[in-house]
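*Asks:* Predicted coordinates and the sequence they were generated for:
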Amino acid sequence: MFQWPKRGDAADGDNTAFRGVGELKGQVAVISGSTSGIGLGLARAVAARGGDVVLNGLGDPSEIERIRAEMEAANGVRVRYHGADMRKGDEVADMVAFAKHDLGRLDILVNNAGVQHVESIEKFPTDKWEQIIAINLSSAFYATRAAVPIMKAQGRGRIVNIASAHGLVASPFKSAYVAAKHGVIGLTKTVALELARENITCNAICPGFVETPIVQMQIADQARTHGISKDRVIDEVILKKQPTKRFVTTDELAGLFLYLVSDLGASANGASFSIDGGWTAE
Ligand code: NAD
């Protein structure tokens, strides 16, 4: 019968002991789109628990460097930045290879980068469609494809895709986003099945609304379009479907994330976990 390794036992495939929830010392995480919002929150969660991190994303270079250096100094871990444009497969593959070359391994891949555009289907610009599919869906394929050989060689891996409640249900005017996020859930299931015997898991987290720049832009747009205050947009539009009537926090997402990447999460595989205040229960 399978026996859980005890704390301190050597795990198969490498010399690291059993990894409980939040025990990330010696592990390396690559997190796409981690210069702001959810990705940055997860990167901080990894660093605070002793893991090394490769940050990625757009933004002011001096601000990114400030975040990187501060995270490194505060936690005594190694934090690197790779500026891969997540639309481009070769740059994404280079980012994954960079983690292995520069930090020595790759234990955790978080496919998180994402963008949004809100428009009716008949007016939806085709370039926006292509951009959203590339950043929100294809980038997860590019990164997973590059990460799996490294994880297989190490005998363990954890892939976490940040999907959305919109990976499970739709809202009008978000055709590209909803299509991409449903695609992420399909990719998650497929990768999980392919790697189930390799000690590599792949799961999706499906957040409801979290107050990050991607949502702040939608609030501002809706306030302009409808000529109402941002507070009214939050109450009447954004949180309309979220029964708790408050934003999900990145800490709440980090709690599930830390479980999924631990050894206790080994049997959670190919699943989509809602953290949406009850939105998709309806
Ligand atoms: P955010 O705008 O704060 O973060 C998006 C990140 O992606 C940023 O770091 C940005 O620089 C990066 N990015 C965008 N285009 C990129 C590109 N071409 N190459 C590299 N990086 C790029 O938004 P967020 O809310 O933190 O979103 C993170 C993920 O969570 C997204 O996939 C989003 O769809 C998902 N999500 C967000 C919410 C929410 O309410 N905020 C809800 C469900 C799912």
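*Replies:* Cool, got the structure. Just so you know, these numbers come straight off a predicted model, no measurement behind them.
*Asks:* mind listing the helices for the stretch 1-150 of the chain?
*Replies:* Assigned by DSSP state H, counting those that start in this stretch, the helices in the stretch 1-150 of the chain fall at 37-48, 61-75, 89-103, 126-133, 139-154.
*Asks:* how many neighbours does the residue nearest to Met86 when sequence neighbours are not counted have?
*Replies:* Spatial nearest neighbour of Met86, chain neighbours left out: Ser139 (3.8 Å); criterion: CB to CB, 6 or more residues apart in numbering. To be clear about C-beta, it is placed using only N, CA and C from the backbone, and glycine gets the same treatment. Neighbour count of Ser139, defined by other CB atoms under 10 Å: 29.
*Asks:* got a pLDDT number for Ser139?
*Replies:* Listed pLDDT for Ser139 reads 98.
*Asks:* The ligand versus that one, what's the distance?
*Replies:* Ser139 sits 7 Å away from the ligand, going by CB to the nearest ligand atom, to the nearest Å.
*Asks:* That residue contacts Gly57, correct?
*Replies:* No - Ser139 lies out of contact with Gly57 (CB atoms under 8 Å); the separation is 11.4 Å.
*Asks:* interface residues of this structure facing the ligand?
*Replies:* The chain comes close to the ligand at residues 33-39, 56-59, 85-87, 112-115, 135-136, 162, 164, 207, 209-210, 212-215, as judged by CB under 6 Å from any ligand atom.
*Asks:* Buried by neighbour count, from the residues you listed: which ones?
*Replies:* Buried members of these, scored by 16 or more other CB atoms under 10 Å, are 33-39, 56-57, 86-87, 112-115, 135-136, 162, 164, 207, 209-210, 212, 214-215.
*Asks:* for the host helix or strand of Thr190, packing partners?
*Replies:* Per DSSP states H and E: Thr190 is located in helix 175-195. Applying 3 or more CB pairs under 8 Å, 6 or more residues apart in numbering; DSSP states H and E, we find helix 175-195 packed against helix 126-133, helix 139-154, strand 157-162, strand 200-207.
*Asks:* Tell me which of these lies nearest to Arg80.
*Replies:* helix 139-154 (15.4 Å; CB to CB).
*Asks:* Report the distance from the helix-or-strand element of the chain with minimal mean pLDDT to the chain centre.
*Replies:* Using mean pLDDT, DSSP states H and E, the weakest-scoring helix or strand in the chain turns out to be helix 213-226, at a mean of 91. Put simply, helix 213-226 sits 23 Å off its chain's centre (CA atoms, centre = their mean, to the nearest Å).
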